[in-house]
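[1] Below is the structure, and that's it, no one-letter string:
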Ligand code: AP5
C-alpha cells in the first residue's frame, strides 16, 4: 500500500498518518518531521531548512526529492508507506511518478477558520511526537512524560504564509491526483476517530 495524505497545514495529516500507518503496518514518512530532525541535529541541511520553515516557505524540490528517495528504500518501507506532507508541489508529484506508483492520495478537507484555531492551539511532544490541542494537557506534560512545546512555525504570521503557500503550490495537487483517478476526499472537520474511520472505509471500499 502506497498512500499520500494531502491537506492544508493543520488539516490533521500527522494525526491521521500515525493511525493509518499503524492500522495497515506501513511506514509513516513525514517530510516535515524529517526536516525538524535535521534541524535538531544541526546538520547543514537542518541549518539551511530552519530559516525557510520559520518563514513558512517550502524547502527546495531537489532537497526534498533526494530525502524521499533515500527514505523509501529503507527496510520499514517494504510493506508500503504513507507520505505526510509530500508531495507539496507539482514538481515533487511528477518526480514521485518517476520513482514509484501511488495507490491513493487522500485529501483531508477542513474549513479555513478551523485550521488557524487548530494550529495556534497545537502543542507537540518532543519525546513521542504526538500533537495535542493545548486544552488537552494544560499542565504542559504529555502522557509519555515529554514536556509539550509550540512549534516555531506555528506563530500567526508564519501560519498565514503557510496557508498562502499551500493554496498556491500544494492545492493544485488535488486536481493532479483527481485527473489520474487516484483521489479520495474525506471530511476532516469531524472527530479524529470519525476521520480515521472514513479514510479506512474509502480505502477498503
Ligand atoms: P509539515 O510538518 O508537513 O507541516 P504542515 O503541512 O504545515 O502540517 P502541520 O504539521 O502543521 O499539520 P497537520 O496537517 O499534520 O495537522 P496535525 O495532525 O498536526 O511541514 C512544515 C514545514 O516543513 C513546511 O512549512 C515546509 O517549510 C517544510 N516542508 C515539509 N515538507 C515539505 C515538502 N514536501 N516540500 C517542501 N517543504 C516541505 O493537527 C493539527 C492540530 O489539530 C493538532 O493539535 C491535532 O491534535 C489537531 N487535530 C487533528 N485532527 C483533528 C480533528 N479531527 N479534530 C480536532 N482537532 C484535530
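    Noted; the coordinates are in hand. No experiment lies behind these values; they were computed from the predicted model shown. Residues are numbered from 1 along each chain as shown.

[2] Do you have the helices of this structure handy? List them.
    13-24, 31-40, 44-55, 61-71, 90-99, 112-120, 156-165, 172-179, 192-204 (DSSP state H).

[3] Dump those helices to TSV, plus mean neighbour count, mean pLDDT and distance to the ligand.
    (Each C-beta comes from the backbone N, C-alpha and C, glycine too.) Converted to TSV, these look like this (neighbours: other C-beta atoms under 10 Å; pLDDT from 0 to 100; distance: least, C-beta to the nearest ligand atom, whole Å):
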stretch	mean neighbour count	mean pLDDT	distance to the ligand
helix 13-24	19	96	3
helix 31-40	18	95	2
helix 44-55	15	96	4
helix 61-71	16	97	4
helix 90-99	16	97	6
helix 112-120	15	92	4
helix 156-165	15	94	5
helix 172-179	15	98	11
helix 192-204	15	97	4
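
[4] ok, residue 129 to residue 168 distance?
    The span separating residue 129 from residue 168 equals 28 Å under the rule C-beta to C-beta, to the nearest Å.

[5] Give me the distance between the two termini of stretch 146-162.
    The first residue of stretch 146-162 is 27 Å away from its last residue (C-alpha to C-alpha, to the nearest Å).

[6] hang on, the earlier thing: Serialize the helices of the chain to JSON lines and add fields for distance to residue 147.
    Formatted as JSON lines, the helices of the chain follow (distance: least, C-beta to C-beta, whole Å):
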{"stretch": "helix 13-24", "distance to residue 147": "19"}
{"stretch": "helix 31-40", "distance to residue 147": "15"}
{"stretch": "helix 44-55", "distance to residue 147": "21"}
{"stretch": "helix 61-71", "distance to residue 147": "28"}
{"stretch": "helix 90-99", "distance to residue 147": "34"}
{"stretch": "helix 112-120", "distance to residue 147": "19"}
{"stretch": "helix 156-165", "distance to residue 147": "22"}
{"stretch": "helix 172-179", "distance to residue 147": "35"}
{"stretch": "helix 192-204", "distance to residue 147": "23"}
